[in-house]
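>>> Pasting the sequence and the predicted model now:
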Amino acid sequence: MEFAPGILPAFGLYLVRTSALVISAPLLGRGIGVSGYKVALIFFLSFLLFAVTGEPLAAETAPVQYAILVMREIMLGLFFSFLLQAAILAARVAGEIIGYEMGFNMSSVVDPVNGISTPLVAHIYEVFFFLSFLAIDGHHWLLRALGQSFERAPVGSVELSDNLLDVALAQFSQMFAAGLTFAAPVLTLLVLVSLLMGLLTRAVPQLNVLEFGFNLRIVVALVAMLLFAPLFQPAVDGICENLMNGLEAGLAGLDS
């Protein structure tokens, strides 16, 4: 079977962009190496996307130019992964802030997604985020955005949008602020508990607040997390909406 000239080099660029996203995406475990299912997923997605939008490279490409094209595809794939990581940052920041106020940040669990130790409360919030992200079919939208990127920024062009860095930095700062907003309800209650314990210390100096203050903060934080759990899904919806807006802004800059 013979292939038209330029087919295999073009398919290789599809593999590079898809690989950069799949390998580094936190949703698929970016810290556990390149496993067999990742390789199969990369080839499967690349084959489908190439069958729909793929075209052979216009002419024979010099090795140096092809290396530049490979670097471009890696940057585009990492751009998608970075936006997803910025969205997860909101949940992680909220969990770390709450865990710090609870005194739980010294206890860590091994994060199977990233292969590193993560504070317990931050890990819980990340798991909730992943489940909510899958519940609203966010992974489907991400795959559609990847497919649209091949239509708006076909392989073989050395041009790269100037606004990708601006979009990534803007999303990063917005998600950090979203994390603070995420933690605000529980954090407010913990601050009130701290003020209450301070007043008790001034009113009753004989009372040893340290004996029950630590346990009280843990109980209040856990109860608050349960009470405000119904607000988690709307918050994740807002975070994912910002993520989708960022992806759309990045794709808009890729139109060629």
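Looks like it came in fine. These figures come from a predicted structure and were not determined experimentally.
>>> rest of the way, CA atoms for contacts and neighbours
Will do.
>>> neighbours around residue 227, how many?
12 (other C-alpha atoms under 10 Å).
>>> Going forward, count from 57.
With the count now opening at 57, the last piece we talked about shows up as residue 283.
>>> now residue 281: how far from residue 142?
Note on residue 281: its distance to residue 142, by C-alpha to C-alpha, to the nearest Å, is 23 Å.
>>> more crowded one of these two?
Between residue 281 and residue 142, counting by other C-alpha under 10 Å, residue 142 is the more crowded of the two (22 against 17).
>>> Where does the prediction get shaky in the stretch 107-256 of the chain?
Within the stretch 107-256 of the chain, the ranges that satisfy pLDDT under 70 run 112, 114-115, 161-173, 214-218.
>>> can you pull out the helices in the chain?
Taking DSSP state H, the helices of the chain run over residues 63-80, 92-109, 119-158, 176-191, 194-208, 219-259, 265-283, 288-308.
>>> quick one: buried residues of the fourth one?
Applying a neighbour-count criterion of 16 or more other C-alpha atoms under 10 Å, one finds 176-179, 181-186, 188-189 buried in helix 176-191.
>>> Let me see the contact set for residue 232.
142, 145-146, 149 (C-alpha atoms under 8 Å, 6 or more residues apart in numbering).
>>> Determine how far the last residue of stretch 159-176 lies from the first.
Start-to-end span of stretch 159-176 (C-alpha to C-alpha) is 11 Å.
>>> again with stretch 282-292
16 Å.
>>> Average pLDDT for it, rounded please.
For stretch 282-292, the mean per-residue pLDDT is 81.
>>> What residues of that stretch count as buried?
Judged by neighbour count using 16+ other C-alpha under 10 Å, the buried positions of stretch 282-292 are 288-289, 291-292.
>>> from those, which is closest to residue 249?
residue 288 (22.5 Å; C-alpha to C-alpha).
>>> Just the buried residues out of the contacts of residue 232, in PyMOL syntax.
In PyMOL, this line selects whichever of those come out buried by 16+ other C-alpha under 10 Å:
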select buried, resi 142+145+146+149
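>>> Closest to residue 220 out of the buried residues of stretch 282-292?
residue 292 (23.4 Å).
>>> got the contact list for that closest one?
Counting by C-alpha under 8 Å, 6+ apart, the residues that residue 292 touches are 185, 188-189.
>>> buried residues in stretch 66-73?
Using 16+ other C-alpha under 10 Å as the test for burial, stretch 66-73 gives 66-73.
>>> in this protein, what residue sits furthest out from the centroid?
The centre of the chain is farthest from one residue, residue 262, which by C-alpha atoms, centre = their mean lies 49.0 Å away.
>>> how near is that residue to residue 269?
Distance, residue 262 to residue 269, using C-alpha to C-alpha: 14 Å.
>>> and if you look at residue 212?
Residue 212 sits at a distance of 63 Å from residue 269 (criterion: C-alpha to C-alpha).
>>> quick one, which of these two is more surrounded?
Neighbour tally, residue 212 and residue 269, criterion other C-alpha under 10 Å: the higher count belongs to residue 212, 22 against 15.
>>> does that one really touch residue 113, like I thought?
Yes - contact between residue 212 and residue 113 holds when scored by C-alpha atoms under 8 Å: they sit 6.1 Å apart.
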